[in-house]
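Undergrad: For reference, the sequence and a predicted model appear below.
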Amino acid sequence: MSARENKGDTQVMYDGKIEITLGAYHRYLLSRKGGKVLKEPEKIISVTKATGMLDKPGVKFWAANLTGDHIREFWKSGEKYTDGEKESIIAEGVKQHSLFKEKKATIGSAVHDFAEQVVKGLKPALPKDPMVRKGALAFLRWFEGMNMRNTFPEHIVYHTKHNYTGKLDLDASVKGTPCIIDYKTSSMWETDKREEDGFARGEDGERIVKDVYWENKLQTSAYRAARMLETGKVYGDSIVVRFDTEDGGFDVTVLPAAEQDKDFQAFLGLLEAAKRFEELGLGNWRRKK
């Protein structure tokens, strides 16, 4: 295994030949290459940047529904509103998807921080925020049932051949085999507004568990490939664990190694698209002049 040195958000790997720094705005910079410090650090495409190239048509409908729900709540039938009041209701409605994502991201980060401390052998206090607390308790219930060794939480990875980077949630030995483990903090249940409690149910009356998004499968495959290249070890199946911050439950999905190999080939296609996207100056939806 090559030497690794973790300096907070800077990772030295490949026996000191590579150094990656996670800077502002979640930008990854290659600051050492071939053992030499670069005068001008190179910006490197991240795993999530590449998988962000995936089309997500469902997100558009979700955002539109949030806007509609807000307007229906505050725009009462039969009431009279000034033009300014109308504009305010609409403007707030349009922002609902961004506000929702920001709240979920804050909750997710807090649960991830709690999990990192526990994996490192620390004993953090349970969070006070109700949703973060439920996510933390879900993590503890899962973690205490696992027998893991050689754990590497929140580690930056880099693939020297394909030139991409990212930060994985956990690299651990599970039953003697190296494994990539990815955390997700979201509801794990399918929804159905026609049901009284809002959850979809199968013929047996039980709630239906959502499938893991393909984007998650591609992300873990990329982390897995980078770690295999760096360590020279063969990694087994990957695992995605969802911690439900609403009901405190957790769900484990195993991603077979053979499928992860195929997922990685799909990831490489998205990676090339992301690199071309950057070359054209479209990262901020603006073309280079």
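TA: Done, it's in. Numbering: from 1, shown residues only.

Undergrad: Quick check: Tyr183 touching Val111?
TA: Yes - if you go by CB atoms under 8 Å, Tyr183 and Val111 touch, sitting 7.3 Å apart. Glycine gets a C-beta too; all of them are placed from N, C-alpha and C.

Undergrad: Quick one: the helices in the stretch 101-250 of the chain, in order.
TA: 130-143, 214-231 (DSSP state H, counting those that start in this stretch).

Undergrad: okay, these, which one's buried deepest?
TA: helix 214-231 (a mean of 22; mean count of other CB atoms under 10 Å).

Undergrad: list the helices and strands that one packs on?
TA: With contacts taken as 3 or more CB pairs under 8 Å, 6 or more residues apart in numbering; DSSP states H and E, helix 214-231 sits against helix 47-51, strand 148-159, strand 164-174, strand 177-184, strand 238-243, strand 250-255, helix 257-279.

Undergrad: Any idea how far that helix is from the middle of the chain?
TA: Distance of helix 214-231 from its chain centroid, counting by CA atoms, centre = their mean, to the nearest Å, is 13 Å.

Undergrad: Just want the angle from it to strand 177-184.
TA: Put simply, helix 214-231 runs at 140 degrees to strand 177-184, going by axes from the mean of the first three to the mean of the last three CA atoms, to 10 degrees.

Undergrad: Look up how far Gly236 lies from Glu206.
TA: 30 Å (CB to CB, to the nearest Å).

Undergrad: neighbour-wise, which of these two wins?
TA: Remark: of Glu206 and Gly236, Gly236 carries more neighbours, 19 against 9, as counted by other CB atoms under 10 Å.

Undergrad: In this structure Phe143 contacts Val119, no?
TA: Yes - if you go by CB under 8 Å, Phe143 and Val119 touch, sitting 7.4 Å apart.

Undergrad: Show me where the stretch 51-200 of the chain dips below the pLDDT cut-off.
TA: For the stretch 51-200 of the chain, the stretches with pLDDT under 70 are 56-63, 66, 97, 99-104.

Undergrad: With adjacent residues omitted, what lies nearest to Tyr158?
TA: Leaving aside its sequence neighbours, Tyr158 sits nearest to Thr165 (CB to CB, 6 or more residues apart in numbering; 4.7 Å).

Undergrad: who's in contact with that neighbour?
TA: Counting by CB atoms under 8 Å, 6 or more residues apart in numbering, Thr165 touches 20, 28, 30, 44-47, 156-159, 226.

Undergrad: Got the confidence number for the spatially closest residue to Gly52 that is not a sequence neighbour?
TA: Nearest non-adjacent residue to Gly52, counting by CB to CB, 6+ apart: Ala274, 7.4 Å away. With respect to pLDDT, Ala274 has a value of 94.

Undergrad: quick one: Ala274 and Thr48 touch, right?
TA: No - in this structure, Ala274 is not within contact of Thr48 by CB under 8 Å, at 9.9 Å.

Undergrad: Tell me which of Tyr183 and Val111 has more neighbours.
TA: Val111 (26 against 22).

Undergrad: can I assume the more buried one is in contact with Leu137?
TA: No - between Val111 and Leu137 no contact is recorded; they are 9.9 Å apart, counting by CB under 8 Å.

Undergrad: circling back: the helices of the stretch 101-250 of the chain: which one's closest to Ala64?
TA: Proximity to Ala64 (CB to CB) singles out helix 214-231 among the helices of the stretch 101-250 of the chain, at 20.5 Å.

Undergrad: Now do the closest one: everything it contacts.
TA: 1-2, 13-14, 47-48, 50-51, 54, 56, 157-162, 164-166, 168, 171, 178, 180, 182, 184, 233-235, 238, 240, 255, 259-261, 263-264, 266-267, 270-271.

Undergrad: Just the buried residues of those.
TA: 13-14, 47, 50-51, 157-159, 162, 164-166, 168, 171, 178, 180, 182, 184, 235, 238, 240, 255, 260, 263-264, 267, 270-271 (16 or more other CB atoms under 10 Å).

Undergrad: ok, residues contacting stretch 252-262?
TA: Counting by CB under 8 Å, 6+ apart, 142, 212, 217, 220-221, 224, 235-242, 263 sit against stretch 252-262.

Undergrad: and those, which two are the farthest apart?
TA: Largest pairwise distance in the contacts of stretch 252-262, by CB to CB, is 22.9 Å, between Trp142 and Asp263.

Undergrad: starting at the chain centroid, how far to stretch 243-260?
TA: On CA atoms, centre = their mean, the centre of stretch 243-260 falls 13 Å from the chain's centre.
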